[in-house]
Each structure stands twice: as structure tokens, then as C-alpha cells.
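*Asks:* can you look at this prediction? I've put the sequence above it.
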Amino acid sequence: MKKYFYTNGVDKIGPFTYEELKEQNLSRETMLWFYGLDNWKPLSEIEELNSLTNSIPPLLKFSEIINTDNSNNIKKDFIEKVITAKNPKSRKKSKTLLIIAAVLGVIIFVGYISIKNKKNNMLYNSIATNSYKTDVDFNFYVEKFYRDIGNYGIFPKKPKNQIIKFSKLDQLDNATHIHGLSYGMNDDDKIEIYINPTTWDKFNKPMRYFLMYHELSHDVLNVDDLKNSPSNEGKLMYPAIFTYESKTMDDFIESSHSLFEEIAKKTKK
Ligand SMILES: [Zn+2]
């Protein structure tokens, strides 16, 4: 049977059969891949999945949302409903609510829609409540990160509120495997990162550095993911760093430093 994968912008999630895929909270823009496909493609461009695409409402336009009264309250309500809606019967409804919640949630921070944020809204509650502290010295990576960017003349405010914890990101609904998530992006008053303990065990040393610096770049430098295309392979903000098994510490240093150099150039202008 044909198996499909989709990506939340960070990870490859799946495999799913067609029937299982229908149960995922996909948008028409979600990038999918299956064996035989050269590259990731948005759902809406995959002909054999047309009937699935047509069952998903298109995302609301920015202008349609900002004209809605009390959009902030609506956002909170919808998110709460999405999180509490757990039984399968309410799934269809929750899918629609989720899309609305995602759109409303995202415009406040970035002004456009991303799959990653849609997922974040849905998962945030369970991730935060299931998180726990560990012996892993995440602070070591944070200190090193700030030293490294400091060497490039980048000195962002260092927030007192720093949450970096493990959370079992692979035991959540609709998430087969997520390696790490950052919630502090575009919020300079906090660092909030959750790392999947299963990933941490599996990842070798360079991959752990790639993962930590990737999430810290989101969180501290507000850098977005790069497109999941072969030309970005090897870079720090490449969304599929789980493919970096053969990368070395030298590769990591080169990738991170070239990103910092790029950011330093931009801020000088
Ligand atoms: Zn990322």
C-alpha cells in the first residue's frame, strides 16, 4: 500500500496510508512526499490526492481576519476547543477550528501562515504539560551559542526566562516524530525550547549541536526555516536535519558560522 509522509517544516512525519493521511491536520499547503516523488510537493499539487485537497477548506485571507471583531478572544476560544476536542467525531470540526486558530494565531506574530505554527498551537498545551527537566546541560549550548554569535557582533538581549526541557514529542496525537520545537521565536523576553528525548538519544554529537543551534536560531535570532530543497542541504536552518547522520563537527561549525556571518552582514546595513 502506498505510504505518504508530510512535513511540519522541521521533520518528516509518517508514514501514513491514504486513510490515515485523511485524519492528519493537513492544509492545502502542507508539503508531502511519497516513494517515487523527486521532491516534496504541496498537497494541492498532488493530483492523486485531489479529493483530499478538496475536502480541506482553503486558508482565510489576512484581510478577512483582521476585519473580524475581537479576533484575540476568538483565537483563544478556538485554540481551547481544538485542544479539548479529542474524540474522533469532533475531529472534522476541530480541523476547521484549528485552521482558523492557526490563521489567527499566526498573524499576530508573523503576518503569514505557516504549517509549523498551526501545529504549534495545537500541540503547545500537551507539550508544555508533559515536559520535564533532565540531567542534560542544555545551558551549555545556550552559553556557547551566545558566545558564538557575540563573535560576529550579534548581541541580542539574553532573556531571564529560559525554558529548555525534554518533552515526549513523539507521543502526541498527530505527531509521529518531532525532534525539537521553539516557542520563543519573535518573543525576545523568553527562550522556550522543547527537545524530544528519543531524538536526543539517537542523535550523534554533531546532530545534537545542529539541533540545538537550529532551535536557538529560531528562538533567539528569529530566523525561519529554509525551504526543504536539496540546495539548502547542509545548512543550519535546513528543516530536515535528521538526515545529517554523516555530518561532522566541522560541518556543524561551518554551517552555523555561515548563518551568523549572514545575519551579521544584514544587521550592519
Ligand atoms: Zn526549524
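*Replies:* Thanks, I have the structure now.
*Asks:* remind me which residues of the stretch 101-250 of the chain are low pLDDT?
*Replies:* For the stretch 101-250 of the chain, the stretches with pLDDT under 70 are 101-123, 171-177.
*Asks:* in it, what residue is nearest the ion?
*Replies:* Nearest residue of the stretch 101-250 of the chain to the ion: residue 225, at 4.1 Å (CB to the ion). Heads up, the C-betas are built off the backbone N, CA and C, glycines and all.
*Asks:* quick one: secondary structure of that residue?
*Replies:* The three-state label given to residue 225 by DSSP: H, G, I helix; E, B strand; the rest coil is coil.
*Asks:* gap between it and residue 50?
*Replies:* Using CB to CB, to the nearest Å, residue 225 is found at 27 Å from residue 50.
*Asks:* out of these two, which sits in the busier spot?
*Replies:* residue 225 (19 against 12; other CB atoms under 10 Å).
*Asks:* pretty sure that one sits against residue 241.
*Replies:* No: at 10.1 Å, residue 225 does not count as touching residue 241 under the criterion of CB atoms under 8 Å.
*Asks:* what is the neighbour count of residue 148?
*Replies:* Applying other CB under 10 Å, we find 16 residues neighbouring residue 148.
*Asks:* so which strand or helix has residue 33?
*Replies:* strand 31-34 (DSSP states H and E).
*Asks:* distance of residue 229 relative to residue 200?
*Replies:* When residue 229 is compared with residue 200 (using CB to CB), they lie 27 Å apart.
*Asks:* and if you look at residue 50?
*Replies:* For residue 50, the distance to residue 200 - CB to CB - is 40 Å.
*Asks:* same thing with residue 49?
*Replies:* Distance of residue 49 to residue 200, computed by CB to CB: 34 Å.
*Asks:* what of residue 232?
*Replies:* Separation of residue 232 from residue 200 (CB to CB) stands at 24 Å.
*Asks:* comparing the two, which residue is more hemmed in?
*Replies:* Applying other CB under 10 Å to residue 232 and residue 200 shows that residue 200 carries more neighbours, namely 18 against 15.
*Asks:* is it true that residue 149 touches residue 221?
*Replies:* Yes: the pair residue 149 and residue 221 passes the contact test of CB under 8 Å, sitting 7.2 Å apart.
*Asks:* residues that sit against both of those two, list them.
*Replies:* 156, 263 (CB atoms under 8 Å, 6 or more residues apart in numbering).
*Asks:* neighbour-wise, which of the two wins?
*Replies:* More crowded of residue 149 and residue 221, by other CB under 10 Å: residue 149, with 23 against 19.
*Asks:* up against the ion, what does the stretch 151-269 of the chain have?
*Replies:* The stretch 151-269 of the chain comes close to the ion at residues residue 225, as judged by CB under 5 Å from the ion.
*Asks:* show me where the stretch 151-269 of the chain has its helices.
*Replies:* Ranges of helices in the stretch 151-269 of the chain, per DSSP state H, counting those that start in this stretch, are 197-202, 205-221, 249-268.
*Asks:* winner for burial among the ones you listed?
*Replies:* helix 205-221 (a mean of 22; mean count of other CB atoms under 10 Å).
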